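A.B. asks: Would you be able to build a 3D model of this:
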Amino acid sequence: MPEVVELRKVGKVYVNGPVSTPVLFDVDLSFDEGSFNSIIGASGSGKSTLLNIMGTLDRPTSGEVYVTGRRTDVMRKDEIASLRNRTIGFIFQFHYLLPEFTARENVLMPHWIGGEREVQAASAKADELLDVVGLAKVKDNLSSRMSGGQQQRTAIARALMNDPKVVLADEPTGNLDSDNTESLYKMFRNINERFGTTFVVITHDRRIAEKTDRIVGIKDGRISMDVRV
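C.D. replies: Reported below is the predicted structural model:
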């Protein structure tokens with residue numbers, strides 16, 4: 001299978017005045033199209049930094065990053081933004097919905113940000129995704145008037161709006177109980193199988209990690225484990 005994301009000898013050092021803090025060390029890692037993966041590690045291990053670099057939200061200090069075969073660490077900001085909008089979906093522990101917009105409008109936001117007008121096909125896609133995540137009946141509710149679970153489902157639908165090749169999820173179950181964690185996992189699996197979307201889920205939750213097809217462990221900024229199950 002073709003690789004959706006590939007990191008070659010990626011290093012990251014944060015500099016604050018005279019203080020330099022290395023976070024990642026020569027990371028070689030790639031994810032195949034259509035795969036379902038997890039990244040685990042203790043707090044401070046470098047998981048979120050790794051995800052931000054894969055998602056083009058941050059640049060590496062050294063090494064190379066490829067998304068769908070295109071090298072992103074040397075791109076201009078506008079090129080990166082365009083590629084990110086069309087190729088990568090993000091799901092965070094906190095939803096970052098716009099409270100003055102409805103669920104449907106929040107889902108359409110990546111489409112609008114990409115400079116596209118709202119057309120019938122986009123509207124139909126947003127409705128389909130809201131149906132997939134079980135929100136068809138509340139799609140016209142303001143996001144500020146939705147429950148936490150509904151907001152999270154809206155964020156998932158939003159992440160899928162532009163048919164991304166890969167969805168990066170950063171601690172998506174961090175605020176959930178065991179029942180809702182299981183429900184979220186099943187939803188991710190359904191989307192993975194239905195649309196062929198690659199998933200990379202960063203998690204502290206072993207229950208989620210052990211259900212993915214591949215577990216990547218990171219410790220002290222280095223890959224410590226890579227198991228396909």
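A.B. asks: Which residue lies nearest the spatial centre of this protein?
C.D. replies: Centroid check for the chain by CA atoms, centre = their mean gives Leu168 as the closest residue, at 1.7 Å.
A.B. asks: For Val200, give the beta-bridge partners.
C.D. replies: Beta bridges link Val200 to Asn37, Leu168 when assigned by DSSP bridges.
A.B. asks: In terms of helices and strands, where is Leu7?
C.D. replies: Leu7 belongs to strand 3-16 when assigned by DSSP states H and E.
A.B. asks: residues in contact with that strand?
C.D. replies: Applying CB atoms under 8 Å, 6 or more residues apart in numbering, the contact partners of strand 3-16 are 20-33, 46, 49-50, 53-54, 58, 60-69, 165-166, 198, 200, 221. C-betas here are computed from N, CA, C, even on glycine.
A.B. asks: from memory the residue nearest to the centre of the chain sits against Thr87, does it?
C.D. replies: No - using CB atoms under 8 Å, Leu168 is not in contact with Thr87, being 10.8 Å away.
A.B. asks: If we go by neighbour counts, what in the longest helix seen in the chain is buried?
C.D. replies: As assigned by DSSP state H, the longest helix anywhere in the chain is helix 178-195. Buried residues in helix 178-195, counted by 16 or more other CB atoms under 10 Å: 181, 183-185, 187-188, 191-192.
A.B. asks: same question, stretch 131-145
C.D. replies: Neighbour counts over stretch 131-145 (16+ other CB under 10 Å) mark 132-133, 135, 138-139, 142-143 as buried.
A.B. asks: Angles on the backbone of Arg214, please.
C.D. replies: Note on Arg214: backbone dihedrals following degrees, to the nearest 10 are phi -150, psi 130.
A.B. asks: got it, and Asp58?
C.D. replies: Asp58 adopts backbone torsions of phi -140, psi 150, taken as degrees, to the nearest 10.
A.B. asks: tell me the secondary structure for the residue lying closest to it once chain neighbours are set aside?
C.D. replies: Among residues not flanking Asp58 along the chain, Asn52 sits closest, at 4.1 Å (CB to CB, 6 or more residues apart in numbering). Secondary structure, DSSP: H, G, I helix; E, B strand; the rest coil: Asn52 is helix.
A.B. asks: hang on, Asn52 packs against Pro60?
C.D. replies: No - shown here, Asn52 and Pro60 do not form a contact pair, counting by CB under 8 Å, at 10.0 Å.
A.B. asks: Please identify which of the two sits among more neighbours.
C.D. replies: Neighbour tally, Asn52 and Pro60, criterion other CB atoms under 10 Å: the higher count belongs to Pro60, 21 against 16.
A.B. asks: Mind pulling up the pLDDT for the nearest residue to that one once chain neighbours are set aside?
C.D. replies: Among residues not flanking Pro60 along the chain, Val10 sits closest, at 4.6 Å (CB to CB, 6+ apart). Note for Val10: predicted pLDDT of 98.
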